[in-house]
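Compute the structure for the input listed below.
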Amino acid sequence: MTTLRAHNTFLLSCLGMVFLLSLVRSQSGEMPTPQIHVTGTTLTIAWQGQGTLYGSNTLNADWVTVGNSVSPYVETITASTKLFYRIAYDADKFNEASLSVTLTGSSAAPSDLSELPVSVSFNGVDVDLGNVSRSSQQTLDLDYVIYGLAPGDYTVEAVFASGLQTGTHTIHANTLLMIVDDWGVDASPVDNALPSALLANMPHLSSLASEGLRFTRAYAQPTCSPTRATILTGRQPWQHDVGVPEKAESFSSSEITLPEIFTTMEAPHKMLTVGKWHLGGGDDGFSTRGGWPEFYGITGGAVQNYSNWNKNSNGTSATSLVYTTTDQVNEATSFIQSQAATGTPWFTWVAFNAPHDPFHAPPADLAPAGGYSTIGATESTDSHYYRTMLEALDTEIGRLLASVDPAQTHIIIIGDNGTPGSVVQAPYGNGHAKGSLYSGGNHVPLIVKGPAVTVSAGSTTDKLVHCVDLFSTILELSGIAEPAVPDLAAQNVTSTSIVPILSGTDTADRCVIVESHGENASGRALIVDDYPDYRLFIFNDLDEVLDSPVIEFYHTGSDANEQAPLNIASLTGEALAAYNACIAKDLAMGGYYSDEPTTGFDTLYIELPSSGVSPEVPNLTKTNGTDISVTSVTLDGNAATVIGRVGPGASQTDESDDVTARYWVKVRIAPANGTYPSAHVVFPDQPAGQGGAARDYDSTSILVNAHP
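Numbering: from 1, shown residues only. Down below sits the predicted model:
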């Protein structure tokens, strides 16, 4: 069955210029009557059809319908015949969704299911009866083009010989969340306007920004896993514990996640996550911890080879030779198209690996028009590879976006943390990059496009937004009311929906809180709504007896890379007010970072043997990226609290495997004793495939309240 595939050609003469315009008609041959208006050099044509109101553009161009608008189609600019068509058109017909509608009327519909209505309309538009069937007495099944229709309720009327039957088909909004790995604003061509910047050519990202709303003050966590956990739960690291070294694997199944809420609230959306999981729980952690019903990707933090990697498909692993970025888009587009065929709404979380290392030359066929960018005169090879990986990613993002209905889909793209230090560029650098509390580690691109975005296309906003806010945003865009979610209030969600920003009506008091946990790196950074050009840093390791808070305060409006801390003792005026507001926010959010150190315990650094033991002390992570944590530590028969394995801040939550950190374990023991001759450290046994041997070790040295 086909609809809207025949065309009727009209010859129009306007201002001395002649154009052939092909208008769409139904299979029955009825031509929808167009409305034609001419103003100066602008020709406007509109007519009603399945799926949307068709529209027009200016003269001297070919046109393509996108939603309710028609824009120039450059590749056929020289053609004399102007053909209007839809994105959801293939060689055979416009793509239709198979819908089922429950009917009601003053009397029952005919019991004979072979008796079809005399006429059927969807939102006032006639439906070809060849596209109508009945699967039960009060159910009407129809194939209909809903592409381009905005979310909402649509009336279906079926006229039988016995009378009128009516029903409602609801179009729910879809959500596509794209998370780009290791991507700060310094690497974004729509965010970094510095003349010296070497930026990727990303035309699809640029189009998204020109059609949606771009956030200039958006922030994530400094590393991968905490950002993902924060979006999933609407809670910060000090609440969900992901990224806290002693709790590196503690993203618990007790956390209430977005997919679990969709399931609990019986939302009609189908759900899929593809790409990088990186929140632990083994091969099925995406389900047991995240609540996702369907997953294709990697469970750890990175792949070692983008074209030869271990792919997890719903808990089953196998080697894939498909370029990782391409595979992720393949899975997402297949899922989205399957839902479109039945008019089913969806929520898809695409966590790209790109442009995370290993940096490499991506496939030639993913280059943008004109080819990949050439290496800069002073640009490193890694930096150039990083840029081209973004360009390949953009190509695949374009393919992904082509699979969605823009009238029904909210599209969100965000970076998960700042750009890596080896490839970061101005305005950031000097150690202020991925893993850092400073802006270079967590100031990320964020763009939102969709039916809820009612501000002017291409707008920007300087409202403060944090990745935690996407939790409430996705729920609201999907029609789920947070107060109605069972047990969610007890979780103390700190997310604030950004939906009011999308319509220009936001009045919320917003703030940004970023946390980092790791050896010599623990702390919190704060920005408050009333003083967005100031940023407070409180560095304090809560597990160090001798550690006192170190506070830094910057005016980021004039010092973007936070190189010149303000003298707190001499603050006056606006700067003093901003400082006090930040301190107050820290206290209100659980201000333990600014507290003085707690006494009554000792912090111990335990060194393990680097040779002469079998099996060897395990690496920090398994080959799939999952952390290998310490099972227990005892000193003279007394159990200690394990804080974590000692290493760079990122190594506890990211995929790094630091050689030194492998042999040091940090613990806390109370009451303080001061003298600890030896310690016994136990790890999980070796996997059975490696022999299953016990892995427990005696210390070679112990440092008390002192760093190794």
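
just the strands in the stretch 51-200 of the chain please.
Using DSSP state E, counting those that start in this stretch, the strands of the stretch 51-200 of the chain run over 52-54, 63-66, 69-72, 81-83, 97-102, 119-122, 125-126, 132-136, 139-144, 152-160, 163-171, 174-180.

Strands along the stretch 351-500 of the chain, start to end?
409-415, 446-449, 459-461, 465-466.

how about JSON lines for these, with distance to Asp698 and mean pLDDT added?
The C-beta positions use only the backbone N, C-alpha and C, and glycine is treated the same way. Below are those laid out as JSON lines (distance: least, Cβ to Cβ, whole Å; pLDDT from 0 to 100):
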{"stretch": "strand 409-415", "distance to Asp698": "44", "mean pLDDT": "99"}
{"stretch": "strand 446-449", "distance to Asp698": "50", "mean pLDDT": "99"}
{"stretch": "strand 459-461", "distance to Asp698": "58", "mean pLDDT": "98"}
{"stretch": "strand 465-466", "distance to Asp698": "45", "mean pLDDT": "98"}
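
okay, those strands in JSON lines with mean neighbour count and distance to Ser334 next?
Putting the strands of the stretch 351-500 of the chain into JSON lines (neighbours: other Cβ atoms under 10 Å; distance: least, Cβ to Cβ, whole Å) gives the following:
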{"stretch": "strand 409-415", "mean neighbour count": "24", "distance to Ser334": "16"}
{"stretch": "strand 446-449", "mean neighbour count": "25", "distance to Ser334": "22"}
{"stretch": "strand 459-461", "mean neighbour count": "16", "distance to Ser334": "33"}
{"stretch": "strand 465-466", "mean neighbour count": "26", "distance to Ser334": "31"}
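
In CSV, list those strands along with distance to Thr378.
Putting those into CSV (distance: least, Cβ to Cβ, whole Å) gives the following:
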stretch, distance to Thr378
strand 409-415, 25
strand 446-449, 30
strand 459-461, 30
strand 465-466, 34
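
Which of those strands sits closest to Glu255?
Between Glu255 and these, the tightest spacing by Cβ to Cβ is seen for strand 465-466, at 17.9 Å.

Pull up the pairing partners for that closest one, direction included.
strand 218-219 (parallel) (DSSP bridges).

Assign a three-state SS to Gln239, would you?
helix (DSSP: H, G, I helix; E, B strand; the rest coil).

any idea how far it lies from Pro259?
19 Å (Cβ to Cβ, to the nearest Å).

Same question for Ala452.
Counting by Cβ to Cβ, the gap from Ala452 to Pro259 is 21 Å.

Neighbour count: those two, which is higher?
For Ala452 and Pro259, the more surrounded residue by other Cβ atoms under 10 Å is Pro259, and the numbers stand at 23 against 18.

helix, strand or coil for the more buried one?
helix.

Correct me if wrong: it contacts Trp292.
Yes: with contacts counted by Cβ atoms under 8 Å, Pro259 reaches Trp292, the gap being 5.0 Å.

Pull up the overlap in contacts between the two.
Residues touching both Pro259 and Trp292 (Cβ atoms under 8 Å, 6 or more residues apart in numbering) are Met271, Thr273.

what about the helices in the stretch 251-400 of the chain?
With DSSP state H, counting those that start in this stretch, the ranges of helices along the stretch 251-400 of the chain come out as 258-264, 285-288, 324-340, 381-401.

mean confidence score for the last one?
Mean pLDDT, computed over helix 381-401, is 97.
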